[in-house]
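Engineer: Sequence plus the predicted model coming up.
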Amino acid sequence: MKPLWTAEEAAEATGGTIQGGPWSVGGIAIDTRELGRGDLFVALAGEHRDGHAFVPDALAEGAGAVLVARADAVPYGQPALIVTDTLRGLEGLATYRRLSTKARIVGITGSAGKTTAKSAIATLLQGSGLVHASAKSHNNHWGVPLSLARMPHDAAFGVFELGMNHAGEIRALVSQVRPHVALITTIAPAHLGHFANEEGIARAKAEILEKVEPGGSAVLPADSPWHDLLASLARSTPGIRTLSFGRAAGADVRLVGEEGDHLGSDVIAELAGRTVAYRLHLPGRHQVDNSLGWLAVIHALGLDVDQAAQAMAAIRPVDGRGVRRELTLASGGRVMLLDESYNANPASMRAALDVLARQPGRRVAVLGDMLELGAGSVALHEALAPAVEEAGAEAAYLCGPAMARLADRLPCAVAVHHAPSSTELLQLLRADLKDGDVVLVKGSLGSRMRVIVDGLATAGTGGS
Ligand SMILES: Nc1ncnc2c1ncn2[C@@H]1O[C@H](COP(=O)(O)OP(=O)(O)OP(=O)(O)O)[C@@H](O)[C@H]1O
Ligand SMILES: [Mg+2]
């Protein structure tokens, strides 16, 4: 099999100098903990640490080569590629691989549901050829070039997630990705801290449309108040087609029937004058909306939507984004955990509460602060009170300073508990859980809600 990168190819892509060659690598890692034998270790300079310090470890652990900016970081004769700047070097690999691939490329951005879309679309494409998709949530200035540089030569499809905190970031990423199909999942106040308003977010997400390949497609959320703005921005890209998805009457991929339960939904959609029906094993209206976007991507790629409809049933939630885990309490009872611990913003918080509302049993909402919301943060937390009430939550376990403000807003029908941190909240929650409870755990990554998921899954509650 052709190696992922040979020294010659990597040198051509980066303008770097080969040392200890000829070598070739089968994978790429920027963290020695994720390095496989024979991989290229890229020594990036992080906020806290410089990857060059880990070069000897990487080589000792079997790196096939290292990409460095300092020749003195590499022992004499060891396999290396020496460049002036390792991030630029990684971007060089990314751009080179993108320009040489025959794969059809899907780029995904949006305020929520990017990773879920990436994983779902990869599942839908599986029957049509080799699919390469970004790992985890690798969507930033290093995650995107890393994902591109990892794309195998024989990939038929590449599916990439593009994220941002500031205007201009998606523009830089999409210049590397150059998608044939760009999907914008939804626009909502996330990372609002860096924007004057939601329109600023919509405009920043729309940067993904600027580098759609000629003849390619923009897949846009029809129900978003920003749809028309996105569609008009799309028109500035020559040769782009737009396709919309959603519930609105004029949507190109339109919802015509939906029956949801606590485990998922039966969906009927119409597109291009035909009807497709499928079962989605992801609960919640937002996932029904999302699935229309995934179908629109398949249609935009010119693939068989009936085959995709069948494959919908194989889609499962991504870790920390709605995975259900049944836990056994020390007392012997059972609790259903809805693990949404990966991240949160107001839109995804409401979506998760909507899923909680569908669950049988005593509903417990365990919520941590939503971060990066800027000056409106308190109001956005307080505004969740009706959603918690409508979810039928009997108890709310809240942590963090912003969630304290939500605690003050909840009606007395909800038993409210608050702790400064997730670790302290875990202790309160553990003492209260009963057989038959359904527990939703959600908060921003920085609120460390994973501590609660892990804590419940181990001592005191048994395994999953
Ligand atoms: N259309 C949607 N509207 C609201 N919430 C959604 C939507 N789609 C997914 N979510 C929720 O958003 C959360 C994050 O999902 P996911 O990780 O797929 O998003 P992401 O955009 O990749 O996030 P990140 O910016 O952190 O990478 C999950 O809780 C998921 O249920
Ligand atoms: Mg993500």
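Structural biologist: Perfect, I can see it now. Ligands and ions are numbered 1, 2, ... in the order given.
Engineer: so what's Gly460 scoring on pLDDT?
Structural biologist: Per-residue confidence (pLDDT) for Gly460: 52.
Engineer: list the buried ones in stretch 383-395?
Structural biologist: 384-385, 387-389, 391-393, 395 (16 or more other C-beta atoms under 10 Å). Yep, even glycine has a C-beta here, placed from its N, CA and C like the rest.
Engineer: cool, and stretch 50-64?
Structural biologist: 51-52, 54-55, 58-59, 61, 63-64.
Engineer: gap between the residue nearest to Thr6 when sequence neighbours are not counted and Asn345?
Structural biologist: Nearest residue to Thr6, sequence neighbours excluded (C-beta to C-beta, 6 or more residues apart in numbering): Ser24, at 4.6 Å. Distance of Ser24 to Asn345, given as C-beta to C-beta, to the nearest Å: 42 Å.
Engineer: How about Ser447?
Structural biologist: For Ser447 relative to Asn345 (C-beta to C-beta), the value is 12 Å.
Engineer: between these two, who's got more neighbours?
Structural biologist: Shown here are Ser447 and Asn345; by other C-beta atoms under 10 Å, Ser447 has more neighbours (25 against 21).
Engineer: Make sure that one is actually in contact with Leu371.
Structural biologist: Yes. With contact defined as C-beta atoms under 8 Å, Ser447 reaches Leu371; the gap is 6.8 Å.
Engineer: By proximity to ligand 1, which residue of this protein wins?
Structural biologist: Here the chain gets closest to ligand 1 at one residue, Gly113, 2.7 Å apart by C-beta to the nearest ligand atom.
Engineer: Now do the same contact list for that residue.
Structural biologist: For Gly113, the contacting residues are 185-186, 286, 290, 348, by C-beta atoms under 8 Å, 6 or more residues apart in numbering.
Engineer: In the chain, where is pLDDT below threshold?
Structural biologist: 191, 459-464 (pLDDT under 70).
Engineer: Quick check: residues of it near ligand 1?
Structural biologist: Contact residues (C-beta under 6 Å from any ligand atom) of the chain with ligand 1: 110, 112-116, 137, 139, 163, 185-186, 286, 289-290, 321-322, 340, 342-343, 347-348, 351-352.
Engineer: Domain map for this protein?
Structural biologist: 5-84, 101-314, 323-457 (automatic domain parsing).
Engineer: Just give me the neighbour total for the residue in the stretch 351-464 of the chain that ligand 2 sits nearest to.
Structural biologist: When distances are taken as C-beta to the ion, the stretch 351-464 of the chain reaches nearest to ligand 2 at Leu445, 10.2 Å away. Other residues within reach of Leu445, judged by other C-beta under 10 Å, total 15.
Engineer: so who does the closest residue to Phe195 other than its chain neighbours touch?
Structural biologist: Nearest residue to Phe195, sequence neighbours excluded (C-beta to C-beta, 6+ apart): Ile201, at 5.3 Å. Shown in contact with Ile201 (C-beta under 8 Å, 6+ apart): 111, 187-192, 195.
Engineer: Just give me the closest of these to Gly455.
Structural biologist: Nearest to Gly455 among the contacts of Ile201 is Ala190, at 26.6 Å by C-beta to C-beta.
Engineer: for the closest one, helix, strand, or coil?
Structural biologist: coil (DSSP: H, G, I helix; E, B strand; the rest coil).
Engineer: What of Ile187?
Structural biologist: coil.
Engineer: ok, it - how many residues close by?
Structural biologist: Ile187 has 27 nearby residues by other C-beta under 10 Å.
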